[in-house]
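could you work out the structure for the sequence below:
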Amino acid sequence: MMANLFSVFDPTSSIMNMSLNWLSTFLGIFFVPMLYRAMPSRFSLMWYKLTSTLHSEFKTLLGNNNSSLTLTFIALFTLIVFNNFLGLLPYIFTSTSHLVMTLSLSLPLWIAFMLFGWINHTQHMFAHLVPQGTPSALMPFMVLIETISNVIRPGTLAVRLAANMIAGHLLLTLLGNTGPSLSTALLSLLILAQILLLVLESAVAVIQSYVFAVLSTLYASEVV
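This is a model prediction of the structure:
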């Protein structure tokens, strides 16, 4: 039962054994040219306001000397939020619900942060393993705990995004499968519940994209 339930998230569309589902990851590119029209639209103004707000927040975390890095995290937020929203549409593969996609985003970033920090700020990275004011007897344990918490960061980023995206889709799928066996009155309640869940999933799509980008920015701020 569980294997069949989760199989709805597997990439299945293919031509000559080449998966086509992952092409949905790049569908967001087709929305970008709308931002460059001569006459500003409501969508372009809204997106400009959103990116300006994100730039201000990320610049506060990274510092004014590293403000150019905010473009990287705004691009990361854009990629994730487009894929999260596209996954809510019927028959479009949700790439962000798979660890292959989320780990591909978090792991290279974490490795880049670690290499940059250990090469350029070695003493700072060693000092970060022992919080200030730690008793001498607890220092070995704090080093171990801080090391483990640092190593699992890309995994927690990836699992958080994938789990939140797949949980809502599973709930929508489970409720939708009960529709044919319900009466008319219960079916109306089911449709209302599905609409409310879609609204909730839309909010989750934005929130999880923001959380992923902000946590990546916080991890970068520790090494730059």
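
use CA for all of it now, contacts and neighbours both
Noted.

top helix in this protein by residue count?
helix 184-221 (DSSP state H).

list the buried residues in it.
For helix 184-221, burial by neighbour count (16 or more other Cα atoms under 10 Å) applies to 187, 190, 194, 197-198, 201-202, 204-206, 208-210, 212-214, 216-217, 219-221.

show me the shaky parts of the protein.
Where the chain drops to pLDDT under 70, the residues are 1-20, 32-39.

okay, strands next: where are they in it?
14-15, 18-19 (DSSP state E).

show me what contacts the closest residue to V214 other than its chain neighbours?
In this structure, V214 finds its nearest non-sequential neighbour in F58, 7.3 Å apart by Cα to Cα, 6 or more residues apart in numbering. For F58, the contact set (Cα atoms under 8 Å, 6 or more residues apart in numbering) comprises 67, 70, 73, 214, 217.

next, give me the two most distant ones among those.
The largest separation in the contacts of F58, counting by Cα to Cα, is between S67 and V214 at 14.1 Å.

how close does the nearest residue to L71 once chain neighbours are set aside get to L23?
Excluding the flanking residues, the one nearest L71 by Cα to Cα, 6+ apart is H55, at 7.5 Å. Counting by Cα to Cα, to the nearest Å, the separation of H55 from L23 is 29 Å.

which of those two has more residues huddled nearby?
Neighbours per residue (other Cα atoms under 10 Å) separate H55 from L23, with H55 holding more: 19 against 11.

would you check that the more buried one makes contact with T72?
No. Here H55 does not reach T72: they are 10.2 Å apart, not a contact under Cα atoms under 8 Å.

contact partners of stretch 185-194?
Identification of contacts with stretch 185-194 by Cα under 8 Å, 6+ apart yields 172, 175-176, 179.

measure stretch 128-138 end to end?
Separation of the first and last residues of stretch 128-138 by Cα to Cα is 15 Å.

buried residues in that stretch?
Here stretch 128-138 shows 129-130 as buried, counting by 16+ other Cα under 10 Å.

how about stretch 146-155?
Of the residues in stretch 146-155, 153-154 count as buried by neighbour count, 16+ other Cα under 10 Å.
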